[in-house]
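*Asks:* Quick one, what's the 3D model for this:
(chains A, B and C)
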Amino acid sequence: MSKLSAIRSTKADTIATARLAVATSGEGFFEITSEVKRFLRQIGARDGAVLIYLRHTSASLVIQENADPDVRTDLVTALNRLAPADAGWVHDVEGPDDMPGHIKSMLNGVSLQVPVDDGDLTLGTWQGIYVAEHRTTPHRRELVLQFCGSCAGSNTGRD
Amino acid sequence: MSKLSAIRSTKADTIATARLAVATSGEGFFEITSEVKRFLRQIGARDGAVLIYLRHTSASLVIQENADPDVRTDLVTALNRLAPADAGWVHDVEGPDDMPGHIKSMLNGVSLQVPVDDGDLTLGTWQGIYVAEHRTTPHRRELVLQFCGSCAGSNTGRD
Amino acid sequence: MSKLSAIRSTKADTIATARLAVATSGEGFFEITSEVKRFLRQIGARDGAVLIYLRHTSASLVIQENADPDVRTDLVTALNRLAPADAGWVHDVEGPDDMPGHIKSMLNGVSLQVPVDDGDLTLGTWQGIYVAEHRTTPHRRELVLQFCGSCAGSNTGRD
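*Replies:* Prediction:
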């Protein structure tokens, strides 16, 4: 059972790109939803999608519940059970939290897209966008934000 | 050893977006390949890519084998082993299947793109697109489908 | 604490698509970063993003560390612990490595995008793009590479 809505069509005439630096305080989830929204406002985004890309191998991007903070606590616990620190990893020169960080980054991924509808992220009610830091110490993480679609002021040719 | 084919180039002039609602009957995999194909037909898609986005935090999107249904049975088993219900999660107010659902959603993800070639999804022979429901009870899941590329009737300028 | 850079904007006027075939020698990680870069050079890519899509259900796409090869060894170990061969899978007609391959493919995914900035992938210093082969025997894996953005020679209208 499925149902398709009406379709909205517009001209895809713009690519806008910026870098976003996020300071993490160690293992955990750091929300960047408002930073992505600010980027979309600054470029006057209308319809399209925003690509969020994380340039690291021991952190990851996650879209998850932004309501009860216990969910993020449990997500950290779950990742530590899936990739424990004391599991006899060959790669251990950068500390016991490094190889688990690579595994968690592989499982979660570092690249995702969210559709943009009339300037707004089409996130679900309970969704937030997070940088998941997998190292125990604070890190500066760099992301690329890239919008592809139509912007206010450009000829969108919406039909 | 790798080999690159000839390159096909066209004008990316259209963004078309719709919502898709999918009714799930509880834990399991629900194929949406034909719904995505219907969307592409309706907009006259030619060359580009379709973004599929799921607006939920206890379900996910998976591209997997569409032949032997035993594969999906085993995928459900595997996810339940990776994120068991009785594992002492802090977040348990929404039932024992909720926190495992968030973990599975994080691991699988809620955002993916499939290239479109002359109107067709470039899925492999054995690939289908699925909404993976991680809650035990039926849910109505909402997705965003967004095509970016050229459409029939528009000036594609293929060269 | 976060910081957004200056924004660069351009016209998204081109979609360029090719197929890439990769021969794997069995379980492990096979880097395709240079193949993706060659594709971008051949089309004269400027600003946009490249979509990489894998048309298979027992292999996956991973962006991970390209420095210490021990990391990839441990990633293979981690995946085998998460999806062991001798775990009583129902689907076993294609050999004991097949169902674990499907699980690993689901967890890692088969679709990802990397932003392209003035013709270059915006990978982090330690990031490489890999096809992760989850079957024990050699396979020929087919990918779709698709760039969306501006190319040299086209009217980019950068502002």
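
*Asks:* switch to C-alpha atoms for all contacts and neighbour counts from now on
*Replies:* Fine.

*Asks:* Kindly report the residues of chain A close to chain B.
*Replies:* Listed as neighbours of chain B in chain A under the rule Cα under 8 Å from any Cα of the partner chain: A:1-13, A:47-48, A:62-65, A:68, A:70-71, A:73-75, A:78, A:82, A:107-108, A:112-115, A:122-127, A:149.

*Asks:* so of these, which ones are in strands?
*Replies:* Cross-referencing the residues of chain A next to chain B with the strands (criterion: DSSP state E) gives A:2-4, A:8-10, A:47-48, A:62-65, A:112-115, A:127, A:149 as the overlap.

*Asks:* Selection in PyMOL covering whichever of the residues you listed are buried, please.
*Replies:* For the buried members of these, the matching PyMOL selection, counting by 16 or more other Cα atoms under 10 Å in any protein chain shown, is:
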select buried, chain A and resi 4+8+9+10+47+48+62+63+64+65+112+113+114+115+127+149
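
*Asks:* how much does the lengthiest helix in chain A deviate in direction from helix B:69-82?
*Replies:* Using DSSP state H, we find that the single longest helix of chain A is helix A:69-82. Here the directions of helix A:69-82 and helix B:69-82 differ by 100 degrees (axes from the mean of the first three to the mean of the last three Cα atoms, to 10 degrees).

*Asks:* Next, the buried residues of helix A:69-82.
*Replies:* Neighbour counts using 16+ other Cα under 10 Å place A:71-72, A:74-80, A:82 of helix A:69-82 among the buried residues.

*Asks:* ok, the host helix or strand of A:Ala18 near chain C or not?
*Replies:* Assigning secondary structure by DSSP states H and E places A:Ala18 in strand A:14-24. Yes: with Cα under 8 Å from any Cα as the criterion, chain C is reached by strand A:14-24 at A:14-24.

*Asks:* can you redo these as CSV with pLDDT and neighbour count?
*Replies:* Supplementary listing: the residues of strand A:14-24 next to chain C in CSV, determined by pLDDT from 0 to 100; neighbours: other Cα atoms under 10 Å in any protein chain shown:
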residue, pLDDT, neighbour count
A:Thr14, 94, 27
A:Ile15, 95, 27
A:Ala16, 96, 24
A:Thr17, 96, 26
A:Ala18, 97, 16
A:Arg19, 97, 20
A:Leu20, 97, 22
A:Ala21, 97, 16
A:Val22, 98, 20
A:Ala23, 98, 16
A:Thr24, 98, 22
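
*Asks:* hang on, the earlier thing: could you list which of the residues of chain A next to chain B also contact chain C?
*Replies:* Near chain C, judged by Cα under 8 Å from any Cα, the entries from those are A:12-13, A:82, A:107-108, A:112.

*Asks:* Can you give the distance of the longest helix of chain A from its chain's centre?
*Replies:* 17 Å (Cα atoms, centre = their mean, to the nearest Å).

*Asks:* just stretch A:97-110 next, same as before
*Replies:* So, by Cα atoms, centre = their mean, the centroid of stretch A:97-110 is 15 Å from its chain's centroid.

*Asks:* Contact partners for A:Ile7?
*Replies:* Shown here is A:Ile7, whose contacts under the criterion Cα atoms under 8 Å, 6 or more residues apart in numbering or on different chains are B:16-19.

*Asks:* how much space between the residue most central in space within chain A and B:Arg41?
*Replies:* Computing the C-alpha centroid of chain A and ranking residues by Cα atoms, centre = their mean puts A:Leu61 first, at 4.1 Å. Counting by Cα to Cα, to the nearest Å, the gap between A:Leu61 and B:Arg41 amounts to 32 Å.

*Asks:* which regions of chain A lie under the pLDDT threshold?
*Replies:* Low-confidence segments of chain A, defined by pLDDT under 70: A:154-159.

*Asks:* how many other residues sit next to the residue lying closest to A:Ala83 once chain neighbours are set aside?
*Replies:* Leaving out its chain neighbours, the residue that sits closest to A:Ala83 by Cα to Cα, 6 or more residues apart in numbering or on different chains is A:Pro100, at 5.1 Å. Each residue near A:Pro100 was counted by other Cα atoms under 10 Å in any protein chain shown, and the total is 29.

*Asks:* helix, strand or coil for A:Pro100?
*Replies:* When states are read from DSSP: H, G, I helix; E, B strand; the rest coil, the local structure at A:Pro100 comes out as helix.

*Asks:* ok, it touching A:Asp86?
*Replies:* No: counting by Cα atoms under 8 Å, A:Pro100 stays clear of A:Asp86, with 9.2 Å between them.

*Asks:* Quick check: end-to-end length of stretch A:72-90?
*Replies:* Using Cα to Cα, one end of stretch A:72-90 lies 29 Å from the other.

*Asks:* Just the CA atoms of stretch A:109-125, as PDB, please.
*Replies:* The C-alpha trace of stretch A:109-125 is given here as PDB (Å, rounded to 0.1, in the frame of the first residue of the first chain):
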ATOM      1  CA  GLY A 109      28.900   6.700   6.600                       C
ATOM      2  CA  VAL A 110      30.200  10.200   5.800                       C
ATOM      3  CA  SER A 111      27.900  11.400   3.000                       C
ATOM      4  CA  LEU A 112      24.200  12.100   2.900                       C
ATOM      5  CA  GLN A 113      21.600  14.200   1.200                       C
ATOM      6  CA  VAL A 114      18.400  15.800   2.400                       C
ATOM      7  CA  PRO A 115      15.800  17.200   0.000                       C
ATOM      8  CA  VAL A 116      15.000  20.900   0.300                       C
ATOM      9  CA  ASP A 117      11.400  22.100  -0.200                       C
ATOM     10  CA  ASP A 118      10.700  25.800  -0.600                       C
ATOM     11  CA  GLY A 119      13.900  26.600   1.400                       C
ATOM     12  CA  ASP A 120      13.300  24.100   4.200                       C
ATOM     13  CA  LEU A 121      14.900  20.800   5.000                       C
ATOM     14  CA  THR A 122      12.300  18.000   4.500                       C
ATOM     15  CA  LEU A 123      13.400  16.300   7.800                       C
ATOM     16  CA  GLY A 124      10.800  14.300   9.600                       C
ATOM     17  CA  THR A 125       9.400  15.700  12.900                       C
END
